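# Structure, please.
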Amino acid sequence: MRKNIKVLMVDDEEKFRETTEKILNRRGFDTLIAASGEEALDRMGENPDVVVLDIKMPGMDGHQTLQAIRKKSPLTPVIMLTGHGALPSAKEALAAGAFDYLMKPCDIDLLVSKITDACRHAQPSREVEEKIVEEVMISIGDYTTVNQNETVGEAIVKLRESFYSRGSTSRIMETGHRSIVVFNDQSRVIGILAIIDLLNAVMPGYLSAPKPSTADSVQYSPMFWSGMFTREIRKIASKKIWEIMSPAPRTIGAKANLMEAAYTMIQFNDRRLAVTDAGQVVGIIREQDLFFEIDRILADE
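Below you'll find the model as predicted:
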């Protein structure tokens, strides 16, 4: 992703503006905010690359603001935000020259993808270029991380917090990553702690050990399983993360092609890859990031 895309976010909800500005700046955008259509027109003088505009606002609504933006800066792409009950209004905005629209609440990854696409379409020289890994990855600074010597209990808290959006409003969601990147004391990535690692860790060794056939009926009785999950969870809570984590994910270069990323995931049955640049891990590319790109490509046809 280019690090200097300037986005003008227009919405009358203060929490939404503050949250979105924080999230997008963290993703590498330069974010301008406006609380009304009138303020948005004033800020157009700062030459944003993309405008994200709420349709329903008091005073000058999104449709009126869109018309004014088209007159003031006809080449600036505008993405409209609309509620589920206002789909005809969103289609009306497309007919009036909006680049695209998104339904609220909007996932932050999808919004980032749409903003990047809008900027590309505004630059014909880049329009036919295929994205590379660094343009769809999640920056390592945006990923939940832990030190290998923290406890599993501490890691579970961080993983839980990643599921609760670090910045959510009625209009935008920032979803969890379903895994944690594990660093050592030298700040090098040495592993991944995913939910499946927790499930593997709570499995008592005797469940997979050879047993006489007569034990099968006991093993699978309700009494056998009763309370086992809770007991095992409590046992692993004090363990160190390095004791149960998976190895560090395979790496792929930041400039690599997306097909190479897809091939690597399929070839090795990996759901995520560590992205490197100059020998340092700079991000994570996940299967859902490739899915968003699949959706974008088909939407452009």
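
# Tell me which other helices or strands the helix or strand hosting Met259 touches.
Per DSSP states H and E, Met259 falls inside helix 258-268. Packing partners of helix 258-268 (3 or more CB pairs under 8 Å, 6 or more residues apart in numbering; DSSP states H and E): helix 133-136, strand 251-253, strand 272-277, helix 287-299. Glycine gets a C-beta too; all of them are placed from N, C-alpha and C.

# Columns mean pLDDT, mean neighbour count and distance to Asp100 on top of the ones you listed, output as JSON lines?
Formatted as JSON lines, the helices and strands packed on helix 258-268 follow (pLDDT from 0 to 100; neighbours: other CB atoms under 10 Å; distance: least, CB to CB, whole Å):
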{"stretch": "helix 133-136", "mean pLDDT": "92", "mean neighbour count": "22", "distance to Asp100": "17"}
{"stretch": "strand 251-253", "mean pLDDT": "96", "mean neighbour count": "18", "distance to Asp100": "29"}
{"stretch": "strand 272-277", "mean pLDDT": "95", "mean neighbour count": "21", "distance to Asp100": "27"}
{"stretch": "helix 287-299", "mean pLDDT": "84", "mean neighbour count": "15", "distance to Asp100": "8"}
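
# For the stretch 1-150 of the chain, which segments count as strands?
Listed in chain order, the strands of the stretch 1-150 of the chain (DSSP state E, counting those that start in this stretch) span 6-10, 30-34, 50-54, 78-82, 100-103, 106-107, 138-139, 145-147.

# buried residues in the second one?
When you say that, I think you mean strand 30-34. When neighbours are counted by 16 or more other CB atoms under 10 Å, the buried residues of strand 30-34 are found to be 31-34.

# One more: the first one?
Using 16+ other CB under 10 Å as the burial criterion, the residues of strand 6-10 that qualify are 7-10.

# ok, of the strands of the stretch 1-150 of the chain, where does mean pLDDT dip lowest?
Of all the strands of the stretch 1-150 of the chain, strand 106-107 carries the lowest average pLDDT, namely a mean of 80.

# Return the alpha-carbon coordinates of the one helix or strand Gly283 maps to using CSV.
Secondary structure assignment for Gly283, by DSSP H and E: strand 280-286. C-alpha atoms of strand 280-286 as CSV (Å, rounded to 0.1, in the frame of the first residue of the first chain):
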residue,chain,number,x,y,z
GLN,A,280,12.8,-7.7,9.0
VAL,A,281,9.2,-8.9,9.5
VAL,A,282,7.1,-5.9,8.5
GLY,A,283,3.6,-7.5,8.3
ILE,A,284,1.4,-10.6,8.1
ILE,A,285,-0.7,-11.6,5.1
ARG,A,286,-3.7,-13.8,5.9
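
# So what touches that strand?
With CB atoms under 8 Å, 6 or more residues apart in numbering as the test, strand 280-286 has contacts from 133-134, 136-140, 143, 177, 181, 188-189, 249, 251-252, 254, 261, 271-276.

# Please consider this matter closed, and thank you.
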